[in-house]
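**Q** model this:
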Amino acid sequence: MPIKIPSGLPAYDILKEENVFVMTEARAVHQDIRPLKFAVVNLMPTTVDTEIQLLRLLGNTPIQVDITLVRMGSHESKNAPEGHLERFYVTADQVLHERFDGLVITG
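**A** Just a heads-up that it's a prediction; the model follows:
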């Protein structure tokens with residue numbers, strides 16, 4: 001089943017080429033099932049590669065998975081492409097009171 005991630009995320013095109021079912025928010029709103037909501041805190045130095053590996057696994061599940069990429073507001077990555085975290089991640093403070101079905105922390 002699909003994983004919902006931003007279409008501009010580098011992992012999106014790579015996973016699509018690998019026939020992993022990815023979808024954007026626009027398509028996800030038309031689904032009749034409640035997705036599993038996962039927060040991912042990616043602390044690995046290979047940010048984009050780790051996103052691809054993890055999303056590949058989560059995209060291989062039988063139900064829709066809604067991914068929220070989370071970063072620490074005070075942390076500045078030395079390895080992620082410039083602007084990547086600001087564009088695709090939310091801060092932990094922004095999602096502190098949201099409910100998730102799962103939390104994945106890499107690193």
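
**Q** so where is the protein shaky, pLDDT-wise?
**A** Of all residues in the chain, those with pLDDT under 70 make up the ranges 1, 29, 31-32.

**Q** Check this protein for its longest helix and report it.
**A** Among the elements of the chain assigned as helix by DSSP state H, the one spanning the most residues is helix 47-58.

**Q** from the middle of its chain, how far away would that one be?
**A** Centroid displacement of helix 47-58 relative to its chain, using Cα atoms, centre = their mean, to the nearest Å, is 8 Å.

**Q** Now that helix: buried residues?
**A** 47, 48, 50, 51, 52, 54, 55, 58 (16 or more other Cβ atoms under 10 Å). C-beta: built from backbone N, CA, C; applies to glycine.

**Q** what pairs with the helix or strand following it, and is each one parallel or antiparallel?
**A** Tracing the chain past helix 47-58, the next element assigned as helix or strand by DSSP states H and E is strand 65-71. Next to strand 65-71 in the sheet, as set by DSSP bridges, lie strand 3-4 (parallel), strand 36-42 (parallel), strand 90-91 (parallel).

**Q** would you turn those into TSV with distance to residue 20 and mean neighbour count?
**A** Converted to TSV, these look like this (distance: least, Cβ to Cβ, whole Å; neighbours: other Cβ atoms under 10 Å):
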stretch	distance to residue 20	mean neighbour count
strand 3-4	7	24
strand 36-42	15	19
strand 90-91	23	16
